[in-house]
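Enquirer: Whatever this is, show me its structure:
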Amino acid sequence: MRLYILIIILLLFNLSGMYSCSCGDIERYRNYPYYAGDEYPDQINTDETIITGNVFYVDPATGSIGNDGSTGTPWSTFQEVIESGLIETTEPAEHPYYEGVEMIVKNQDAPVKAGDTIILRSGSHGDILLQDYFNTDYINVIADSGATVTRLHVQSGCRWRFKGLSVIPPAGDAELYASLVFFETSNWHGSVYNITLDNSTIQSAADSSSWTIEDWNSLPWNGIAARGNNITIRDNYLLNINFGITMSGNYALIRSNTVENFSGDGMRGLGNDLFFEYNTVKNCYDVNENHDDGFQSWSINDDPPRERVVLRGNTIIAYTDPAQPFRGTLQGIGCFDGFYINWIVENNLVITDHWHGISLYGAINCRIVNNTVVDLNDERPGPPWIAIMPHKDDTPSYNCIVRNNIATNYIITGSATEDHNFEIEKYTDYADLFADPANFDFHLLPDVSMIDAGAAESAPAMDIEGNARPNGSGYDLGAYEYY
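Expert: As a prediction, this is how the structure comes out:
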């Protein structure tokens with residue numbers, strides 16, 4: 001059995017990516033202290049999207065761009081407001097953009113100013129493109145129920161908050177590699193930063209139940225792509241998409257989002273100081289050659305190592321319906337092309353039918369603590385493991401901790417500390433350990449050996465549901481503290 005697993009590891013080690021890291025000498029990272037990861041950096045904006053300043057209204061049904069934007073005489077669509085120069089902001093004095101370029105006033109004396117709010121009333125507002133809108137304070141764009149846009153694209157700008165949008169494209173094929181929500185840094189126009197997206201629905205279509213493989217390869221758009229810094233994405237619902245949420249940049253909070261029905265990767269984190277917390281990713285459709293992951297990261301070619309990334313309290317389920325068409329064998333948390341420095345992977349529930357439950361290849365000072373990693377069935381591929389593996393250039397992982405987990409297998413290499421973990425021997429044991437595994441309830445049953453069996457050191461203060469740890473004489477194993 002161990003020989004069989006070793007062969008699988010070697011195959012996956014060679015096939016899981018096509019590139020090798022050129023990160024150079026990583027010795028200096030080995031002396032880094034462990035990252036606490038219990039506070040957000042100041043660069044991450046956690047303020048709520050609320051009405052502030054003067055309030056303006058946009059109504060596609062009754063408005064006119066010649067109105068004053070008041071509640072009784074609203075403007076027509078948000079894009080017309082943009083194109084008519086009704087928002088005062090700043091922009092670079094010259095292009096291409098460069099660090100330190102002078103910023104000048106754009107649309108001077110326009111009615112909407114930094115700190116104000118725009119309310120989108122019910123109706124279709126079409127495509128939204130904001131280009132070179134660098135606000136000196138946040139402008140809030142808040143949608144009423146029934147307000148829809150076909151795409152949201154912020155190219156080079158800052159201090160925008162969006163809330164309550166329904167992003168629904170017109171019927172038909174998606175644009176290749178295009179995203180329904182795109183926060184884009186441009187070499188010509190400049191960076192995008194300090195952007196918040198809250199409580200929005202992003203979907204390629206409301207129903208994908210009749211989609212064929214050909215449909216899945218042509219109809220779904222990517223969901224949210226953020227290529228900038230200081231991004232906050234919270235409480236959004238993404239449905240019937242290709243890739244879910246891709247964060248390429250530093251200082252981001254990706255929290256409490258749901259990605260349901262996807263054919264690419266659920267979430268991607270490509271930067272430093274990223275927090276992926278309490279998200280749900282479920283129902284992977286295996287319709288092409290992409291090796292699908294619930295969460296994926298990499299550092300290839302000349303990319304620097306990925307540092308200080310927190311994966312906390314996420315739920316990843318390969319499929320919720322065994323009869324789902326084009327059911328994929330989803331890799332849970334797949335990080336194959338490191339290096340990964342000072343990562344925290346805690347309180348996650350990974351339910352999949354692949355070998356990769358949680359896998360870090362090239363990990364330094366990383367902690368994998370209090371996760372529950374289980375199989376959806378007793379068939380191959382699987383059972384899923386928690387793995388600390390060498391980098392693909394054979395550099396061993398270093399100084400990692402694997403503790404207080406519940407999983408079906410462990411492959412731990414390098415100088416890792418591995419303790420207080422529970423290994424499930426066979427699929428039929430689930431019913432004796434968990435409340436209702438057939439319905440994805442992996443709370444612990446009373447009196448199981450995993451209760452009060454964990455170590456206090458490095459254990460999170462809360463479980464996946466926000467319940468305080470410990471509850472009893474010791475810390476419980478896995479993502480759920482027994483209550």
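
Enquirer: ok, now how distant is Phe339 from Val310?
Expert: Noted for Phe339: a distance of 17 Å to Val310, by CB to CB, to the nearest Å. Backbone N, C-alpha and C define where each C-beta goes, glycine included.

Enquirer: Between these two, tell me which one has more neighbours.
Expert: Phe339 (26 against 23; other CB atoms under 10 Å).

Enquirer: thought that one was touching His391?
Expert: Yes - the pair Phe339 / His391 is scored as a contact, 6.2 Å apart, by CB atoms under 8 Å.

Enquirer: Going by residue numbers, what spans are strands in the stretch 51-200 of the chain?
Expert: Remark: strands assigned in the stretch 51-200 of the chain by DSSP state E, counting those that start in this stretch are 55-58, 89-92, 103-106, 117-120, 123-124, 127-143, 147-149, 151-163, 166-167, 179-184, 192-198.

Enquirer: Contacts only, for His391.
Expert: With CB atoms under 8 Å, 6 or more residues apart in numbering as the criterion, the residues that contact His391 are Cys21, Gly338, Phe339, Tyr361, Gly362, Ser397.

Enquirer: now swap in Trp385 and tell me
Expert: Each residue near Trp385 by CB under 8 Å, 6+ apart is listed here: Trp355, His356, Gly357, Ile358, Ser359, Val373, Ala407, Thr408, Asn409, Tyr410, Ile411.

Enquirer: at 7 Å what do you get?
Expert: Shown here is Trp385, whose contacts under the criterion CB atoms under 7 Å, 6 or more residues apart in numbering are Trp355, Gly357, Ala407, Thr408, Asn409, Tyr410, Ile411.

Enquirer: So which of the residues you listed are in strands?
Expert: Using DSSP state E, the members of the contacts of Trp385 that fall in strands are Gly357, Ala407, Tyr410, Ile411.

Enquirer: which element is the closest residue to the third one other than its chain neighbours on?
Expert: Spelled out, it's Tyr410. Of all residues not flanking Tyr410 in the chain, Ile386 sits nearest, at 5.3 Å (CB to CB, 6 or more residues apart in numbering). Element membership of Ile386, judged by DSSP states H and E, is strand 385-389.

Enquirer: in its sheet, what does that strand sit against?
Expert: Strand 385-389 has the following strand partners under DSSP bridges: strand 356-361 (parallel), strand 410-412 (parallel).

Enquirer: thought Pro60 was touching Gly123?
Expert: Yes - in terms of CB atoms under 7 Å, Pro60 counts as a neighbour of Gly123; the distance is 3.4 Å.

Enquirer: tell me, what's touching the two both at once?
Expert: With CB under 7 Å, 6+ apart applied, the contact sets of Pro60 and Gly123 do not overlap.

Enquirer: Please report the distance of the closest residue to Tyr34 other than its chain neighbours from Phe336.
Expert: The shortest distance from Tyr34 to any residue other than its chain neighbours is 5.8 Å, reached at Asn365 (CB to CB, 6+ apart). For Asn365, the distance to Phe336 under the criterion CB to CB works out to 19 Å.

Enquirer: Tell me which of the two has more neighbours.
Expert: When Asn365 is set against Phe336 and neighbours are counted by other CB under 10 Å, the residue ahead is Phe336, at 25 against 22.
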